[in-house]
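K.L.:
fold the stuff below for me.
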Amino acid sequence: MKEKQVIASAIKSREAYNAVTDHVQPTDLSEQGWIIWQCIGDYYEADGTARSADSEILAEAVARRVAADKHKSMFRELVANISAMDVSAANVVADLLATKRELAGQALAHALLTGGDTRRLLEEYEGLMAQESFDSEETTEVRQGLSVADLVNTGFSEDNLIEIWPRSLNQRLDGGVKPGHHIVLFARPEMGKTMTVIEMMAGFLSQGLRVLYIGNEDPINDINMRIINRLSGMTKFEVLNAPGKADKAARDNGYDLLIMAALSPGTKREIQELIERHGPEVVVIDQLRNLNMHNDNFVMQLDNAAQTARNFAKRYSCVVVSVTQAGDSASNKAVLDMGDVDYSNTGIPATADLMIGLGATDTNKMRGEIVFSLPKNKISGRHEYFAVLTEPTLSQLISLD
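P.N.:
Model prediction:
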């Protein structure tokens, strides 16, 4: 830990202090650093409106903690020097949390191998994953005494539900998902991830929802053609022969509401700017593993990307669908579970409200089927699996029940 930078960030920004204080322990700092850290906490607790700490007042508070005059003078000078440091609070917080996550992940992996206290370590790791960064624009919703009728009408009304295709999936979600939900779709290569995403987008567009598709995997023109196939009900060759007819049919089914962005590979800031510019009700990120999250550790990169997607869903009150890969364990397997997520079978699942695994045995493939699994389902609690038929020329899924 870069102690002085972390302390300087906490002095300059209450949000930075709040973002990391639960994860800073006495053993992380020097004796002098821990005294200053405690005084920063006391300062913000005394004044709930303070956005930063006054360095002179803080220096005097620290000085009162020590007895010897020479130590008082040393602490005043130390606080003054740290306060004068030019630091980026956001980047310091991100670096600290990334380091903490990496260490917690290593400890959890070791405990899983040796039979240690995995429960405590898992809670610690999930807590770190839940705290991505700080953002001064974030808001806190506080409620007291909300009537049951208002709760039902605002949070659980069918009018607020967003249908998610195919129909057999929507049935198992009690009629749909709500703004703020994060959906993770995972599968092996060539198992139908893109086809499923296109089926979902066709459903969203049919409901008059604005959809932002962020692609960093396949050529954007290829995806665009497949979406037109689905919306128009025309194969690629039919579209090539009658583009005007395909254009009208696609627009009649919501094509004008689709925004497509090709990123290579894409960053958090780029996605945020697209969301703020276009105001979508649904965001599709295809795929998480390709995003640049500025982390050399691939597992942490994936975990950070998934947490970012979840935060976007909550912050902008939209549905976010994230696409990622399944590992070798999912090969020739119909029913997938959370452990089949490639490289991140703890971090990514922790961010999801709904996980959809796509699998198939050789028999399923011969029948033209994909098997949907719901290993995590906080929406309806139904952890089921079911098969759907595929129509590859139209990128369409057909429910069997």
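K.L.:
all contacts plus neighbour counts: C-alpha atoms, from now on.
P.N.:
Will do.
K.L.:
check this protein for its longest helix and report it.
P.N.:
Among all segments of the chain classified by DSSP state H, the helix with the greatest residue count is helix 89-114.
K.L.:
from the contact counts, what lies against that one?
P.N.:
Counting by 3 or more C-alpha pairs under 8 Å, 6 or more residues apart in numbering; DSSP states H and E, the packing neighbours recorded for helix 89-114 are helix 3-12, helix 14-20, helix 118-130, helix 298-315.
K.L.:
between the first one and helix 89-114, how many degrees?
P.N.:
If I follow you right, that is helix 3-12. Using axes from the mean of the first three to the mean of the last three C-alpha atoms, to 10 degrees, the direction of helix 3-12 lies 120 degrees away from that of helix 89-114.
K.L.:
what comes up buried for helix 3-12?
P.N.:
By neighbour count, with 16 or more other C-alpha atoms under 10 Å as the criterion, the buried positions of helix 3-12 are 4-12.
K.L.:
do stretch 68-85 as well
P.N.:
Applying 16+ other C-alpha under 10 Å to stretch 68-85 flags 72, 75-76, 78-80, 82-83 as buried.
K.L.:
check stretch 44-63 too.
P.N.:
44, 51-53, 55, 58-63.
K.L.:
circling back: in a markdown table: the buried residues of stretch 68-85, plus secondary structure and pLDDT.
P.N.:
As requested, the buried residues of stretch 68-85 are arranged in a markdown table below (DSSP: H, G, I helix; E, B strand; the rest coil; pLDDT from 0 to 100):
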| residue | secondary structure | pLDDT |
| --- | --- | --- |
| 72 | helix | 86 |
| 75 | helix | 86 |
| 76 | helix | 88 |
| 78 | helix | 89 |
| 79 | helix | 89 |
| 80 | helix | 91 |
| 82 | helix | 90 |
| 83 | helix | 89 |
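K.L.:
quick one, what contacts the closest residue to residue 226 other than its chain neighbours?
P.N.:
With C-alpha to C-alpha, 6 or more residues apart in numbering as the measure, residue 395 is the residue that lies nearest to residue 226, at 6.2 Å, once sequence neighbours are left out. Contacts were defined as C-alpha atoms under 8 Å, 6 or more residues apart in numbering; by that measure residue 395 touches 195-196, 198-199, 226-227, 229-230.
K.L.:
7 Å instead, please
P.N.:
In this structure, residue 395 makes contact with 195, 198-199, 226, 229-230, judged by C-alpha atoms under 7 Å, 6 or more residues apart in numbering.
K.L.:
now swap in residue 206 and tell me
P.N.:
Contact analysis of residue 206 by C-alpha under 7 Å, 6+ apart lists 253-254.
K.L.:
what do you get for residue 12?
P.N.:
If a contact means C-alpha under 7 Å, 6+ apart, then residue 12 has 52-53 as its contacts.
K.L.:
let's go with 8 Å and repeat that
P.N.:
By C-alpha under 8 Å, 6+ apart, residue 12 lies in contact with 51-53, 83, 89.
K.L.:
next, count neighbours for residue 366.
P.N.:
Using other C-alpha atoms under 10 Å, the number of residues around residue 366 comes to 9.
K.L.:
quick one: it and residue 390, what's the gap?
P.N.:
Note on residue 366: its distance to residue 390, by C-alpha to C-alpha, to the nearest Å, is 11 Å.
K.L.:
dump the helices and strands packed on helix 89-114 into JSON lines; add mean pLDDT and distance to residue 339 as well.
P.N.:
Converted to JSON lines, the helices and strands packed on helix 89-114 look like this (pLDDT from 0 to 100; distance: least, C-alpha to C-alpha, whole Å):
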{"stretch": "helix 3-12", "mean pLDDT": "90", "distance to residue 339": "35"}
{"stretch": "helix 14-20", "mean pLDDT": "82", "distance to residue 339": "29"}
{"stretch": "helix 118-130", "mean pLDDT": "68", "distance to residue 339": "15"}
{"stretch": "helix 298-315", "mean pLDDT": "89", "distance to residue 339": "14"}
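K.L.:
for those, which one sits closest to residue 263?
P.N.:
With C-alpha to C-alpha as the measure, helix 298-315 is the member of those nearest residue 263 (14.4 Å).
K.L.:
render the CA-only coordinates of the closest one in CSV, please.
P.N.:
The C-alpha coordinates for helix 298-315 follow below in CSV (Å, rounded to 0.1, in the frame of the first residue of the first chain):
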residue,chain,number,x,y,z
PHE,A,298,-6.8,-11.3,-15.8
VAL,A,299,-9.0,-12.6,-13.1
MET,A,300,-9.2,-9.2,-11.4
GLN,A,301,-9.7,-7.6,-14.8
LEU,A,302,-12.8,-9.8,-15.4
ASP,A,303,-14.1,-9.2,-11.8
ASN,A,304,-13.7,-5.5,-12.2
ALA,A,305,-15.5,-5.5,-15.6
ALA,A,306,-18.4,-7.4,-14.1
GLN,A,307,-18.6,-5.1,-11.1
THR,A,308,-18.5,-2.1,-13.4
ALA,A,309,-21.4,-3.6,-15.4
ARG,A,310,-23.4,-4.1,-12.2
ASN,A,311,-22.8,-0.5,-11.1
PHE,A,312,-23.9,0.8,-14.5
ALA,A,313,-27.2,-1.0,-14.1
LYS,A,314,-27.8,0.4,-10.6
ARG,A,315,-26.6,4.0,-11.3
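K.L.:
just checking, what packs against the helix or strand just after that helix?
P.N.:
Once helix 298-315 ends, the next helix or strand along the chain (criterion: DSSP states H and E) is strand 319-325. Using 3+ C-alpha pairs under 8 Å, 6+ apart as the contact criterion, the secondary-structure elements in contact with strand 319-325 are strand 182-187, strand 282-286, helix 298-315.
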